[in-house]
Each structure stands twice: as structure tokens, then as C-alpha cells.
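K.L.:
Quick one, fold the following:
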Amino acid sequence: MGTHDAVPDERNAAVKVWINGEVVPRDQARVSVFDSGFLVGDGIWEGMRLHHGGIAFLDRHLDRLFGGLHAVRIDLAMTREDVVAALHQVIAVNDMHDAVHLRLMVTRGDKKTPSQHPSNLVGGPNVVITAEHKVADPVARSRGISLFTATVRRPPPDTLDQRLNCHSKLHEVMALIQATEAGADEALMLDTTGAVATCNATNFFCVRDGEVWTSTGQHNLPGITRAVVLEVADAAGIPTRQAPFTLVDVYQADEAFVTGTFGGLTPVHTVDGRTIGAGAQGPMTTRLRALYDQAVAASVRSGRGA
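P.N.:
Reported below is the predicted structural model:
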């Protein structure tokens, strides 16, 4: 039971996928075997949520997308307005309105031969948008998940900057496999100093004496849900800390939870076989989830999720 487990939805079998300006049935969605993302994991992506007709925190997602593309020198050849139009095209063609998960993927493009070098490109980038009806499994949201600390570390910025939402996720997959083989739902990952960094696919928080702790952010994705949780906590007068802390701090925490675009806030009941707090969703997690849900709704109402 993980944070990305969803309630089955038969409608997803018939969804259409946006590929380089064309909308095709799911079972016909294809990219070349010479695509840069397939060959060497060379790409940037975003996951977004459609909430009551609007994409939550759309501006923040576009900022992160275009920032990542600029950093790795992929020329999208689309404006922000073009991207928004494409997102709404795939939403409209699938007649979607709420509780939808969107994934926008941009790779450097097709190569004339398997290679890392951009000189082998034979065209522009490949852009794919998938949209699925997805509701987080209520059991995971209420019961929570267990974590296992993987031996696979989050690399430092001078190796593979974890603040890039890139297609190169093998180290996270390895950590997740290690965790699931140990009987846990997901992996907790440390940075190269031994401090807690993040989970394999979500950002990690713990609560100690009424204070909300999370990592420095130097070894994890700058999650939008993570940022919003910190913002709503500050606005509500809840003290927060972004600083190094260790597994001993986690084991002694009163509560723990993880954050992500799909699941929002999901409680953590166990880490490395140790029960965290009462072993159930705590009052701080409950309060922050409510504040986050309000921020999602406000984002859509304000037009930032247009």
C-alpha cells in the first residue's frame, strides 16, 4: 500500500493521450525506441492534479517545468500558453472535470543512433501528456504507510541535482525495491551526510513537540505540496524547521507524514519497524491536511489553476 495506489477506474482504459500535438487512444500511444528519454533518461516531467475544473498550482508547476528544461538545455519550442492549451486539450477530449492526474513529459527528442550526444538529434523534443481518472486509495490516506530506510542515498547536487524533476529515477526505484522487499510500503532515503532527505517518490515530514520538521531541500525535489504545506503552516502560526535531522529524531517523533501532488498528505505509521507516535494519523497531520486542501481549492478559484 503506497502513496501512489489509486482506486481502480474503468474509464482509464479509454483515455486519449497527447503526443506532440496529436491526441491518440491510449493503446496507440507510442514514442520511438530512439527517444532520448528511453535511451538515457534524458527528460523533464511534471505531475499535476485537475481539481474541480482547474489545475491546482499550475503556475508553480510551469515554473518548475520551464526551470528544469532551461537547466538541462532542452528547448521545448512551446510557450507557457501553448503548454496550458495542450493540457486543457487533453482534459477536454477526455471529458474530465475533477480528480484527474496529469503527467507532462518532455524528452530531448529522437536520436539517429543510441547515444547521449545532442548532436545525434533528428528533430525537436518529444512532448507527451497523459491524463487519468485517479483518486488516492482511502485506506492509505487514513491508515498511513510504513517506511524502510534504504541504503541507496540521495546524490548531492554535483552528482545529479535532486531538485531537477528528471526522468533519471533509477536510484529511487532501487530504494523502493529494497523497501518493498523488506516489507515496507515505500523507502525513506538519506543524503550523503546521513541526514534524512526524502522518500523515493514523496517528501518526508515529522512532527516533534508541536514543530513540523523537514529536510534542507538540497537533496530532494522542491515539491510543490511540500512548499504549500510549509506556507500554510507558517500562516497558521505552526512552527516549521528546514534543517538536517537524523533517523534518531524520526524514531522519537510524535507524528510523521509524506507529501506529494497525487496523495496530498499521507500519514506514516512505521519507520524501520518502529511505530511513530500513536501509530496513526496525528492531530498535526490532520490539521495540515485540511489547510492544504483549502490551499488547493483557493489556487483553483484564484485562476492560478486555470
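
K.L.:
Next one: N203 from V268, what distance?
P.N.:
12 Å (C-beta to C-beta, to the nearest Å). (C-beta placed from N, C-alpha, C; glycine too.)

K.L.:
What ranges does the protein have for its helices?
P.N.:
For the chain, the helices defined by DSSP state H cover 36-40, 58-72, 80-93, 138-143, 157-160, 170-181, 224-235, 247-251, 283-302.

K.L.:
pLDDT of stretch 30-50, averaged?
P.N.:
Taken as a whole, stretch 30-50 carries a mean pLDDT of 97.

K.L.:
Any idea how far apart the tips of it sit?
P.N.:
24 Å (C-alpha to C-alpha, to the nearest Å).

K.L.:
Which residue is the nearest non-sequential neighbour of L160?
P.N.:
S168 (6.3 Å; C-beta to C-beta, 6 or more residues apart in numbering).

K.L.:
can I assume the one you found is in contact with D161?
P.N.:
No: using C-beta atoms under 8 Å, S168 is not in contact with D161; the gap is 10.5 Å.

K.L.:
Settle it for me: which of these two has more neighbours?
P.N.:
D161 (16 against 13; other C-beta atoms under 10 Å).

K.L.:
more crowded one of N203 and V268?
P.N.:
Shown here are N203 and V268; by other C-beta under 10 Å, V268 has more neighbours (29 against 23).

K.L.:
helices and strands of this protein: which one has the lowest mean pLDDT?
P.N.:
Least confident helix or strand, the chain: helix 138-143 with a mean of 86, by mean pLDDT, DSSP states H and E.

K.L.:
Now do that one: everything it contacts.
P.N.:
Under the criterion C-beta atoms under 8 Å, 6 or more residues apart in numbering, residues 1-3, 5, 7, 185, 263-264, 266-267, 269, 280-281 lie in contact with helix 138-143.

K.L.:
again, 7 Å this time
P.N.:
1-3, 5, 263, 266, 281 (C-beta atoms under 7 Å, 6 or more residues apart in numbering).

K.L.:
Which of the residues you listed are buried, as a PyMOL select command?
P.N.:
Command for PyMOL that selects the buried part of these, burial taken from 16 or more other C-beta atoms under 10 Å:
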select buried, resi 2+3+5+263+266+281
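
K.L.:
Just the ones in strands from the contacts of helix 138-143, please.
P.N.:
If you go by DSSP state E, these have T266 in strands.

K.L.:
Of the contacts of helix 138-143, which is the nearest to G47?
P.N.:
Lowest distance from G47 to those (C-beta to C-beta) belongs to G263, with 10.9 Å.

K.L.:
Is the closest one in contact with T3, as I believe?
P.N.:
Yes: with contact defined as C-beta atoms under 7 Å, G263 reaches T3; the gap is 4.2 Å.

K.L.:
Excluding covalently adjacent residues, which one is nearest to W45?
P.N.:
Per C-beta to C-beta, 6+ apart, closest to W45 is M105, 4.3 Å.

K.L.:
And for P156?
P.N.:
T192 (5.4 Å).

K.L.:
From H219, how far out is the one you found?
P.N.:
T192 sits 8 Å away from H219, taking C-beta to C-beta as the criterion.

K.L.:
So which of these two has more stuff around it?
P.N.:
Between T192 and H219, H219 has the larger neighbour count (other C-beta under 10 Å), namely 23 against 12.

K.L.:
So the more buried one is in contact with A197, correct?
P.N.:
Yes: the criterion here is C-beta under 7 Å, and H219 meets it with A197 at 4.0 Å.

K.L.:
Next, show the common contact partners of these two.
P.N.:
154, 191.

K.L.:
Between T192 and H219, which contacts overlap?
P.N.:
P156.

K.L.:
quick one: low-confidence ranges for the stretch 201-306 of the chain?
P.N.:
303-306 (pLDDT under 70).

K.L.:
Leaving out sequence neighbours, find the closest residue to L62.
P.N.:
Going by C-beta to C-beta, 6+ apart, L62 has R80 as its nearest residue, at 5.3 Å.

K.L.:
count of residues packed around the one you found?
P.N.:
Neighbours around R80, by other C-beta under 10 Å: 14.

K.L.:
And V40, by the same measure?
P.N.:
17.

K.L.:
Also E81?
P.N.:
Neighbour count for E81, taken as other C-beta under 10 Å: 9.

K.L.:
T246 too?
P.N.:
Neighbours around T246, by other C-beta under 10 Å: 12.

K.L.:
Check the gap between it and G277 for me.
P.N.:
For T246, the distance to G277 (C-beta to C-beta) stands at 18 Å.

K.L.:
And N220, by the same measure?
P.N.:
Taking C-beta to C-beta, one finds N220 at 23 Å from G277.

K.L.:
next one: M189
P.N.:
Separation of M189 from G277 (C-beta to C-beta) stands at 21 Å.
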